[in-house]
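A.B. asks: Below are the sequence and a predicted model for it; my questions follow.
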Amino acid sequence: MATNEATDHATLVRVTHFYPSEGNRDSLVGLLKAIAESARKAPGCFGGQVCTSDQDTEAVVAVSRWQDREAMDRFHDSPDFSGVMREIQPTVARPSRTEHFQTV
């Protein structure tokens, strides 16, 4: 990021669609909310939410907004993230789908 660029807004948005296995939707939502709570406290995070999608109704969607990729990567390398991600694995029916959106 250039030094003259504003740092009070997100330049990277991460959107991940998780697909809960039968009977595990509430558990998955709870775990994703725990990650979102941790992310909101992380340096460089401008927010994290757990959502539903009108385009992908089976999914539970995690959205987070980051100052830059480095801030997001630091959080993803943390025990707060990796520990909960291990707990999520038994609650999903299939692999998640992630997209990153960067400002231009």
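C.D. replies: Arrived safely, thanks for sending.
A.B. asks: List the buried residues for the helix ranked longest in the chain?
C.D. replies: Criterion DSSP state H: the longest helix present in the chain is helix 25-41. Buried residues in helix 25-41, counted by 16 or more other C-beta atoms under 10 Å: L28, V29, L31, L32, K33, A34, I35, A36, S38, A39. For the C-beta atoms, the positions are set from N, CA and C on the backbone; glycine is no exception.
A.B. asks: Leaving out sequence neighbours, find the closest residue to the fifth one.
C.D. replies: If you skip the residues right next to it in sequence, K33 has V50 as its closest partner in space, 5.3 Å away by C-beta to C-beta, 6 or more residues apart in numbering.
A.B. asks: For that neighbour, give me its contacts.
C.D. replies: V29, L32, K33, A36, V60, V61, A62, V63 (C-beta atoms under 8 Å, 6 or more residues apart in numbering).
A.B. asks: any low-confidence regions in this structure?
C.D. replies: 1-8 (pLDDT under 70).
A.B. asks: If we use 50, what do you get?
C.D. replies: 1-6 (pLDDT under 50).
A.B. asks: For C45, which non-adjacent residue is spatially closest?
C.D. replies: Counting by C-beta to C-beta, 6+ apart, A39 is the residue found nearest to C45 once chain neighbours are left out, at 4.9 Å.
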